[in-house]
Structure formats: structure tokens, C-alpha cells
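**Q** 3D, please:
(chains A and B)
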Number of protein chains: 2
Amino acid sequence: MGPFGDASTITLGDVLREHRRSRGGLTAAVDHAVRLSYAEFDHRVNKLANALAAHGAGQGERVLWLGQNSFRLLELLGACAKLGAAVIPVNWRQSADELAFVIDDVAARVVVWQDAEIGATVQAAREQAASADSSLWVRHDATGPGSYEELLESGDAADPEVDVDPASPVLGIYTAAFEGRPHAAMLSHWSALIEGLVVGRIAELSDATVFLNSGPMFHLGTLMTTLATLVHGGTNVVVARVDPEEMCAVIEAERCNRAFVMAPTLEAIREINAGGRFDLTSLWPDPDPATWTMCTPSANPATGRAGGYGQSEVSGLITSYGLGRKTDSIYGRPAPLSQVRIVDDTGADVPDGETGEIICRGPVVMTGYLHRDELNAQRRRDGWHYTGDLGKRAPDGSIQFVGPKLRMIKSASENIYPFEVERCLTAHPGVAAACVIGVPDERWTQSVKAVVVRAEGSTVTAEELVEHCRSSIASYKKPREVVFVGSLPKQANGQVDRDRVDAEHGGGGYPGQVSSGRRDVPLRAGAR
Amino acid sequence: MGPFGDASTITLGDVLREHRRSRGGLTAAVDHAVRLSYAEFDHRVNKLANALAAHGAGQGERVLWLGQNSFRLLELLGACAKLGAAVIPVNWRQSADELAFVIDDVAARVVVWQDAEIGATVQAAREQAASADSSLWVRHDATGPGSYEELLESGDAADPEVDVDPASPVLGIYTAAFEGRPHAAMLSHWSALIEGLVVGRIAELSDATVFLNSGPMFHLGTLMTTLATLVHGGTNVVVARVDPEEMCAVIEAERCNRAFVMAPTLEAIREINAGGRFDLTSLWPDPDPATWTMCTPSANPATGRAGGYGQSEVSGLITSYGLGRKTDSIYGRPAPLSQVRIVDDTGADVPDGETGEIICRGPVVMTGYLHRDELNAQRRRDGWHYTGDLGKRAPDGSIQFVGPKLRMIKSASENIYPFEVERCLTAHPGVAAACVIGVPDERWTQSVKAVVVRAEGSTVTAEELVEHCRSSIASYKKPREVVFVGSLPKQANGQVDRDRVDAEHGGGGYPGQVSSGRRDVPLRAGAR
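**A** Model (predicted):
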């Protein structure tokens, strides 16, 4: 054992040390006017780490990030990695009340916050939080006293050389608000490194990768590729938030060849660039915008792969479609070094084709939720992580995601999975979109209700849709009631906001749900 | 913690368990008439593991493989993985004396041996070895009493479910015969899994990979791709040994898309297939044999990448050329999750461009040599593995391999690296090949001697070559003597046999070398 642990180990901090040696001149990060080589990046990380340590943010401690996307979040990740601490970036769109909860929950040694756009909300949250005064508060979008840059400059440039356990947490991601409040899934160095290698394989990353961080960096949908780009010594290009016009300019200027672009942003970029104002061929080689596709970790124009199942608790994707042989399920098979089973409530494997809970093992599995001993005991049993999601195994062994366990509808003794009914409904030519909810029913526990958006020009009736379902899926799954709406409410990530659909249409009483708390399920993606 | 360890860990045994679940119907191994799905493979591995355990080959123990390439070696690897034991496949071309040394050195609980082609040598070694009687000897190419198949059949089919530490050794590879006897580099589950992911990225492997094990499986040159194929759920196709005619038939029949083919085998295949008798387009898409290239882990026709530096002690490649940005050095930069430094004898980093010892860290680094405490203490210092190889860092941070430290020539107070002088000599149009050795010299310790093969038709003289060197490299590096030969002796792997050159031309007295023992350096490859 030496000062950095045994020769057969590695931490995220070691990755930065190596990049400084062997890729010191390559570009680590670009953020507006800031451009850092890996040598400069590691230099700043060391200064930051020593400054953080001087304020108590050492081994086992936490740093909270209350800001939009920034290269400074990457520096904090590196600094925490070298200290054995963890950085937790949170959703900056949250209310003051929500942020105050997070501030108290994390109990960070250092809080790094942003004034632009969210300063008032952050200040309100700071006043509301009971523990705010026990943290050092540092503003990142400022200079001078109390600023991040001042803190960084105060640190010594020597590598802190702390012996860090790669199984210890380095990153926390808030997710899984079962009872209305979210929990921080804590991910280890191993999680970040292995997910980095796996995403690197799926998305074919290398030190020639230039990844545009154009989705939220508090979310693994974006951050898993950020980490993979870092692991491979590529370049992370950062924009503060989704801004299609700015993204076009940055893609052209930096020749970005990976990005995070969901459907609405893609549409906006197509419009902005209808006249070919920007050269976006580094990302979409064919200049015809009609050929452009979304960019996600598992679906990028360079590889054409698409789909997978995952959650923050497993560092992002844990199954992948399209790497290797095609599968019956569009969610694909477990990614390398991941293990997946489908089990019943006793933890026994269910037969193939039957629905059960998806459970996982492997280095990508979180160390646990921060400060949630009881919940952790529920979620980790017999050496497996219980995802809280339902799935089944296709005949070829691939994994089909069925839906969150908490959204399962109970009608009499039958389990009904909303996604199954929705798939049936959207297969009807008259249906553009559908959300199926459970409505409390005194006699049957719940009854099935479909909230449907008609396809343009369609005059399909409720009776026709109920009949369509009866002929396609088991009769007990058919909606008892169908209502038509102009559109479905969406979350920030583009997915249907099921809580709002429930609230607007009388949904509730799900047997798996303690209350009607929000639960984001943003990492699942079918084939394009 | 459950029966299989914590949820965030993984072993090679877990990989097999997962493949059985999610890729049970895909083909794990093909070996002549034997064809095993991943379900069948894991079933046989479990029976074998229980049978081995019943003969004492449990946690921390070893199984020795004295045979040519076979699917049974893969089964033994899987069974040892599930038990926390290690399998050690050794070079079957060795003499009885050499094998006897290995038998005593390993002190295996179970020895699996082959009768075909090497039976007499194995029997002689068994008689010579002091410890042979304390092992169970099992013949793999037989049926009935004393056979491998009989042993396997005796085992229970239940998964042994032993809690195995992924940092424990699972594989041993003999290498580094510094003092005339080799040492077994012990590689952990982590080593195999991480090298598997890294090779998977470099060679773009997946469960659609069909890898022809056409190099020796006792050598990581082949075995690193075998492991990577296993990690990704692909198919390992096995031939007993290099046989170009058989290889052609198997490539066609199994549609192999990866293989291990060095230059002489490639030449033989070109000749065999001059008439287009076999369809080899799965491996070489262009039917024109002139376009065909060698197939190694870092250079395959599908990716075109080439080159890297490595050794058995780091599970194979630890740098890679051509994944991502091109580099000044043809050995490339450290692969993901690997760390490399160039240091002087005190362990301090030397300036870029200066020659020093290559030292490494990361999960691919061996746990140590089996039963070599003293040597291990020399090779592992301050948390780093000392490779015994010399290198230097190019201006862009990439790593240049210079030569084994043991082959460094000492002339007066100057260090001279044979490879540097050889590069200078082969740059002369009159030189086809050159091997530079050190000859003992009473006054200067050693003097430089060049053994040269002239290019066809060349009449270049010794004086001309000495003058050529004087004008290109530092004068003290120029050969004092040049002799011409018709060809240079080669090792089985195609590299120059420097021990024989020394023996035939009076070489010796290398300051880093205790005796003139053999040292294979087979994993280094320049660009094609």
C-alpha cells in the first residue's frame, strides 16, 4: 500500500491525475469563454480540493451544487473525488421549499450557489433551511469575496493525495420522491468509472469525443455521458441550460460530436437551422435536417443504438438495446458487468414472461440513499438492489420494462400495468397519446381510466377504444372510462406528468403508493 | 450483504450467472463438435466447480492446465471464478524439465492434462516433479475413469454460491523468466473484467462477437480477447493450436468476426485461400487477400486500430494507439482506468522525453507473482507496479516503449537502449532487420554489437552502417561491431529471440540482468 492505496485500485481522482500526465494538452472543459486543458483542469481541481478541505469538506462529507450547468460542477466533482467527499447537484428549477428540504437533507459542508436566474429562490430557501448557517456558502457566478473563484484561489496547488476508497460515494443524485420528498442516490467512484466505460462502449466515446452538456447535469440522462467523456479523456462542453439557438452556435464552434438532445429541442433546432445557418455536421453528418435524430447516451447519430432501462440508483442505464444482437425487448439486455433479475415479493425469480420487480447488482448500483437507513434496508436485500420497477423477461432473455411498481393499478385481485394498456391504446390509429390511471373504487380497489389525446382529424369514440382494448389485451385491463383531452401535462424532461394527470382526473389509491408523491422515471427509453 | 456479497460488486462468476439468465440461448463456446449455449456452459461450470471443490480446489487454491486450447480451459476459468480459486494455463510447448518446475511451483489441487501431442512430455514432467502426487490428475482428452468429463459429471449442478472477493486472483499467466525460470502473474476478477471492458471498447466487441481463439490461450495476446468476449457475452470459438487450414474452415463455418492472426499465419492463410476456397469475409470483409491485415486485440480489420504497450502483469494492454486521437508515440496513451508514469531509480518522475522505468496502477495490475514475496516487494512500491520496462513520454503525453530494462546496455557510464539503435539501423535502406546486443567489455562494461540482415540485393558494409548511426544518433550508441547474418532467430510469437542472438554472438553482461534468462516481451506492438 502506498499513499494512493494499492496498485490495483483506481478512483475518479486517479483518472484526472492520469489525464494530466498523458492528455495534459487536450481540452477537458469548455464553458463560454472558459477553456481548460486537462493540465489546467487538474491544477484547478487540486486548488479547489485543498480549499474545500480547509473548510471541512473532507472524507465522507458533502458539497451541494445549487446552480445550472457549469464547468465548476465538474471541478467540484474532481475535488470531491480527490478528498473522498461527494458532490450533489440538484434540480435548480425547484421551489424555495423544495430547495430548503434538500439543503437540510444534505447538510453540506459547502454550498455552491448561483445568483443568475435562480438567486431569489436560493436566498429564500437559505432563509427557510434550518441548517443553512452550518455550511459555507459560496457563489459561483461572481468574483471577489464569497465567490467560488476566491475560494479556489485560496487553495494550495499540491495534489491532496488522500487515500480514497473507490467504493465510497463521490456523487449524489436526487430521485425517487416516493412520499413527496426526493432521496439522494449516492454513487461511488466504481459506479462512475464502470458506467463511464459501459456508456463509452455503447456510445463509442474516446478522447476525441466532444460532448455538449445540453441537458441538465443534475440528471444522469446527461451526466452519465459527462462522466463517460471524462473517463475517456474527451471534452465536456457546457451550456447553462437548454437554449437551442446557443446550442447550434456551440455545436458549430466546438465541433461537438455527442450531445443530449430530446425531441422538443431537436424540433427547435430544425426550425432555427432551416436555412442552414449553422454547420451541425459534427453531430448530424447528413445536412438534411429530416434525417436528424435525438441524441441520448443510448441513441446517438454516430452509433444508431437506441433504448435501455435504468434509473439514477444504478448510475443511469443498466440494460442496453442495440449493442450486439437485437433483442425481443426494446430495452435490451443487461449492460456489461450488470446483473438483473425479475422476482416476486419473496425475492424468488418469476418465470420468464411473468411480471415481477426488477432487481439489480453490479458496480453501478448506488451505495444507498443519503440518510435513509430504513428505505435502504427495504431497497437492498440479499445482496441485490430492488429498483421499485416492474419488468418481465422476454423469451430471448432480454428485459422488458413494465412500469413503476408504485403505479401498478389493482382491480379486484388483478394487477394492471398502465404502460401495457397505453401501448394498446396508442396502437389505435385514432390515438396520438394516452395516459392510463387508476381511480379509487370502493368495490374493486381501483378502476382503469384512460386519458386520451386524439390523433389529428380523428373522431374515435370512447366505446371504440374500449372495444379495441378488449380485442387486444385481457378484458380486465380495458379502461372502464375514457376521457379525451387536448394534450397531456409533461415534466421538464418531456415525459408525461402522471401526478398531474392523477390530480386532474381523479387518479389515486395505487396499492404500492403510500401517498401521491412524485416519482420521476426519466431514464427509460424505447427504440426511436 | 447477501450470499453473493454486496450489491455493488461483481465477479467473473456473476458474469456467467447473468449470461445464463439474459443470454442463455446464445452460444458461449464452440470447439470442434462441442457447441455450448451460455445456459449449458454455466450448467457445466457449476458441476465442475462442485467437483473441484470436493477435491479441495476451493478458495485460494489453484488448478493447473497442461493442454492446448480447449473449451474446457474456459470451463475451468468459470469454475475457479465461482469458487474463489485460480486456473493457470501453461505453455504446452515447454520441455519436461520446464513443466516439472511449473508443477512444483503452482502446487495445484487439480492438474488437468492433455495426452494428444504432449502426453509423453507431461508424463515425464509428472515423474520429475516432487509435488505431483499431492494433486489430483485429470486427463481432459479422454472419457471414463480419470477423465475431466468424469470429474465434471461427479459434481452437483447447483450453483456453488460462494462469496468471492473480486480482488482475489482467478487466473495465472506464466511470464518474466528473469533468472531462467518464469513467474506466474496472478490476475484478479477485477483485472479480467476491466481488461475485458477496455478490450471490448478498443476492438468493439459485443454479444455478436465470434472470436476465433487461434493463438495460444496460455498467453494474454489471445486470452485478453477471450476474456473480453466472455465479458460481453460473445462466442469463443476454439482451435487446439495454430493450423491455418483448419482456421480457414472454422472462420467460414462459424462466421468468426474476430481472431488472433499474426503475420506468418496470415501469409499461410493467403496461400491456402489463393483460389478463394473459403469464404473469410466475416473476418476480412474485402475478398481481396492483399487487403487482409493481422488480427490482434488492438489491431483488427473491423476497427483498424493498431498498437499498444502491455505485459502479462497488467492483464495485457495498458496503453492503446488509435482509440481516439492519434498520438506521437505508436504505443498510444494509457487505456481507460489505467495509470502510467515514467520514473527514475528513486521512483521520481523523469522529465518528458527522458527514458525511465514504466510503472503502472489500476485494476488491470496483477495481485502479484505466485509464491514470489521478495520479487513482489521489488515490483510493487508505493502503490505502483514496476514493469521492468523502459519508456519515455512523448511531447503529447503518449508513452513510448523503449525496451526491457534487463536488456539495457551499459557502455562506460552511458545507458544504451537496443531498440533505439535498431530503429536507426533499420531506417537504412540496406537493412532488412537488426538486433543490437551488448557484448561484455572489461574496460567499458559492455560494447554495442549489431547483428544485421541485409535487404535483398544490398551490399551495405559494416563501416557504412556505423557511419549511418554516427550521423543519426548519439555517437556512444553506434555499434562498435557489425556482423551480417541470413536471418534472425525468432520466438514462437514471431519476435526476435534475443537470448539466442546473445548466445550466438557473444552477448551478455547486461547490468539489469542477473543471468542470461529468457524474457518474453510479446505484448508490445507498433502500428502496422
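
**Q** quick one: A:Leu193 is in a helix?
**A** Yes. Using DSSP: H, G, I helix; E, B strand; the rest coil, the assignment for A:Leu193 is a helix.

**Q** and the gap between it and A:Met224?
**A** With the distance defined as Cβ to Cβ, to the nearest Å, A:Leu193 ends up 12 Å from A:Met224. C-beta: built from backbone N, CA, C; applies to glycine.

**Q** Now do the shared contacts for the two.
**A** Shared contacts of A:Leu193 and A:Met224 (Cβ atoms under 8 Å, 6 or more residues apart in numbering or on different chains): none.

**Q** So the residue in the stretch 101-250 of chain A that chain B sits nearest to, which state does it fall into?
**A** Residue nearest to chain B within the stretch 101-250 of chain A: A:Ser206 (3.1 Å; Cβ to the nearest Cβ). Three-state call for A:Ser206 (three-state DSSP): coil.

**Q** Ignoring the adjacent residues along the chain, who's closest to it?
**A** The shortest distance from A:Ser206 to any non-neighbouring residue, by Cβ to Cβ, 6 or more residues apart in numbering or on different chains, is to B:Gly324 (3.1 Å).

**Q** what's the neighbour count on the one you found?
**A** 21 (other Cβ atoms under 10 Å in any protein chain shown).

**Q** go on, the one 5 residues further on?
**A** Number of residues near B:Ser329 (other Cβ under 10 Å) recorded here: 24.

**Q** The host helix or strand of A:Arg17 near chain B anywhere?
**A** Applying DSSP states H and E as the criterion places A:Arg17 in helix A:12-22. Yes. Using Cβ under 8 Å from any Cβ of the partner chain, helix A:12-22 reaches chain B at A:Asp14, A:Val15, A:Arg17, A:Glu18, A:Arg21, A:Ser22.

**Q** for the helix or strand bottoming out on mean pLDDT in chain A, packing partners?
**A** Every helix and strand of chain A was ranked by mean pLDDT, DSSP states H and E. The lowest is strand A:414-416, at a mean of 79. Judged by 3 or more Cβ pairs under 8 Å, 6 or more residues apart in numbering or on different chains; DSSP states H and E, strand A:414-416 is in contact with strand A:409-411.

**Q** How far does the strand it packs on sit from its chain's centre?
**A** Centroid separation for strand A:409-411 versus its chain: 29 Å, with Cα atoms, centre = their mean, to the nearest Å.

**Q** near chain B, which residues of the stretch 201-350 of chain A?
**A** Residues of the stretch 201-350 of chain A lying near chain B (Cβ under 8 Å from any Cβ): A:201, A:204, A:206-209, A:231-234, A:323-325, A:333-334, A:336-341.

**Q** what does the longest helix along chain A contact?
**A** What stands out as the longest helix in chain A, according to DSSP state H, is helix A:38-54. Helix A:38-54 has contacts (Cβ under 8 Å, 6+ apart) with A:16-17, A:19-20, A:23-29, A:36, A:58, A:63, A:74-76, A:78-80, A:82-83, A:85, A:109-110, A:151-160, A:233.

**Q** send the alpha carbons of the helix holding A:Arg17 over as PDB?
**A** The C-alpha trace of helix A:12-22 is given here as PDB (Å, rounded to 0.1, in the frame of the first residue of the first chain):
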ATOM      1  CA  LEU A  12     -12.100   9.200 -10.200                       C
ATOM      2  CA  GLY A  13      -9.200  11.400  -8.800                       C
ATOM      3  CA  ASP A  14      -6.700   9.000 -10.300                       C
ATOM      4  CA  VAL A  15      -8.400   9.400 -13.700                       C
ATOM      5  CA  LEU A  16      -7.800  13.200 -13.500                       C
ATOM      6  CA  ARG A  17      -4.200  12.600 -12.400                       C
ATOM      7  CA  GLU A  18      -3.600  10.300 -15.400                       C
ATOM      8  CA  HIS A  19      -5.200  12.700 -17.900                       C
ATOM      9  CA  ARG A  20      -3.000  15.500 -16.600                       C
ATOM     10  CA  ARG A  21       0.000  13.300 -17.400                       C
ATOM     11  CA  SER A  22      -1.000  11.700 -20.700                       C
END
